[in-house]
Structure formats: structure tokens, C-alpha cells
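> Sequence and computational prediction follow.
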Amino acid sequence: SFSTDEVIRKRLLIDGDGAGDDRRINLLVKSFIKWCNSGSQEEGYFQYQRMLSTLSQCEFSMGKTLLVYDMNLREMENYEKIYKDIGKYEKNSIAAAHEKISECKKQILQAKRIRKNRQEYDALAKVIQHHPDRHETLK
């Protein structure tokens, strides 16, 4: 007692991508056997037409599969090109970021130097303020 999901899953596993190729080939073989065993000319002609129809379906399916395959190859080439372009952009972007970082480091060093000088100037100004100015000293 198979459930419907199991039957569908089994058919998809047998059939591959679900295009019905396996079923078409089985139909073709059955039609060929019926054609070989056909008694009347009308039945033989009917089986012959059925085989031609099944063959054209198989050829159509094969052509469709080849087109999808070619499309997938082109898409892969396109994705590889995009990947390379992104890689180049990332390299340029990373190089620009490193350059900006080194520029910022230089600015930080300069700002630290200026701050240190200001602190020294403030310390000297406080020391100078404790002493009388020149006018008072001359008196």
C-alpha cells in the first residue's frame, strides 16, 4: 500500500527530471513490438504512426534538454565573468580602504602631536602665570 507521495517520488527517481523520457521509451518499445506482431495492414500503419509520434516526442525532449544544457553553460560563463568582476572590484575596494586607513593613521599621529604640544604649552603658561610679569619685576 504505497501512498501517493511515494508513487510520485518513485516515478521522479526513475524518470530523472520528470520529463517522461523513460515512459516514452517504454511506449516506443511496446509500439515496436505491437507493430512487429500486427496482423492487418491498418493496425501496422497505426502502430507505425504511433512510433513516429513517440520518436518525435523523444527528439523534441532531447532538443529541449540540449538547449537547457547550452543555456546552463552560458549562464556558468556569465557567472564566472561576474565573479571575476566582483573580485576585481573587491581588490580595488580593499586597496582603497587600506589607503584610507593609512591616511587616517597619519592624521591621528598628527592630532596626537598637536594635542601633546598644546598640553605642554598650557603647562608652561601655568608656570609663567605664577611669576610676576616684566613690569612688576622691573619695579
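In hand now; what should we look at? Numbers count the residues shown, from 1 in each chain.
> Which of the three states applies to Pro132?
What DSSP: H, G, I helix; E, B strand; the rest coil gives for Pro132 is coil.
> Around it, how many other residues sit close by?
10 (other C-beta atoms under 10 Å). Placement of C-beta: from N, CA and C, glycine included.
> From Lys139, how far out is it?
Per C-beta to C-beta, to the nearest Å, Pro132 is found 9 Å from Lys139.
> Quick one, grab the pLDDT at Lys116.
We have a pLDDT of 94 for Lys116.
> Pull the distance from the host helix or strand of Arg113 to the chain's centre.
Here Arg113 sits within helix 41-130, counting by DSSP states H and E. Counting by C-alpha atoms, centre = their mean, to the nearest Å, helix 41-130 is centred 9 Å from the centre of its parent chain.
> What is that helix packed up against?
Packing partners of helix 41-130 (3 or more C-beta pairs under 8 Å, 6 or more residues apart in numbering; DSSP states H and E): helix 21-36.
> Would you mark the buried spots in the helix it packs on?
Buried positions in helix 21-36, judged by neighbour count with 16 or more other C-beta atoms under 10 Å: 21, 24, 27-28, 31, 35.
> Can I get stretch 42-49 in PDB, CA atoms only?
The C-alpha trace of stretch 42-49 is given here as PDB (Å, rounded to 0.1, in the frame of the first residue of the first chain):
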ATOM      1  CA  GLU A  42      -4.200  -0.900 -40.900                       C
ATOM      2  CA  GLU A  43      -3.000  -1.900 -37.500                       C
ATOM      3  CA  GLY A  44       0.600  -1.900 -38.700                       C
ATOM      4  CA  TYR A  45       0.200   1.600 -40.200                       C
ATOM      5  CA  PHE A  46      -1.400   2.800 -36.900                       C
ATOM      6  CA  GLN A  47       1.500   1.400 -34.800                       C
ATOM      7  CA  TYR A  48       4.000   2.900 -37.300                       C
ATOM      8  CA  GLN A  49       2.400   6.300 -36.900                       C
END
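> what's the average pLDDT for it?
For stretch 42-49, mean pLDDT rounds to 86.
> Give the buried residues for that stretch.
Gln47.
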